[in-house]
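Engineer: Any chance you can model this:
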Amino acid sequence: MIVGVSLFIGLSLPTYFQQYQPETALILPGYFIPYSAAQDGPIHSGNKQFDFIMNALLSMNMVVTLLVATILDNTVLSSQQERGVYRWSTSDDLSSDPSSLDDYKLPSKVSRVLQSVWMHDLT
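Structural biologist: Numbering: from 1, shown residues only. Presented below is the predicted three-dimensional model:
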């Protein structure tokens, strides 16, 4: 649900902000649309710098999606099992299952090369 809502709002809200384009005869490429929308966007607080920043950020899909996903992920109530952090919730569980650290080890050949370089630097 969090991913779906974030993507939906991240695609729809910037479209609303991008319709506020300045009165200009220039044809702008797609990657300049957020900056052109920032000049005449819907946010008018009286502070031009704040208005420009907020209109520019809220007209970018990635920024809106990140903000919505972060807010929802940190405010929606759920258990540790639903979040996926129930398995190794304590350090004792991690030390009792050393195979869980195998995913984070370097490949054996790379490890041997780095160890030989490190030992050579020590001598």
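
Engineer: got a list of contacts for the longest helix anywhere in the chain?
Structural biologist: If each helix of the chain is counted by residues according to DSSP state H, the longest one is helix 2-18. The set of residues external to helix 2-18 that reach it, using C-beta atoms under 8 Å, 6 or more residues apart in numbering, is 33-34, 37, 41-42, 55, 58-62, 64-66, 68-69, 72-73, 76. To be clear about C-beta, it is placed using only N, CA and C from the backbone, and glycine gets the same treatment.

Engineer: can we see that at 7 Å?
Structural biologist: If you take C-beta atoms under 7 Å, 6 or more residues apart in numbering as the criterion, helix 2-18 is touched by 33, 37, 41-42, 55, 58-61, 64-65, 68-69, 72-73, 76.

Engineer: Show the average pLDDT along stretch 1-8.
Structural biologist: Throughout stretch 1-8, pLDDT has a mean value of 92.

Engineer: brain fart, stretch 19-27
Structural biologist: The average pLDDT within stretch 19-27 is 65.

Engineer: With stretch 59-66 instead?
Structural biologist: Per-residue pLDDT values over stretch 59-66 give a mean of 92.

Engineer: what does it contact?
Structural biologist: By C-beta under 7 Å, 6+ apart, stretch 59-66 touches 6-7, 9-11, 13-14, 17-18, 34, 37-38, 41, 57-58.
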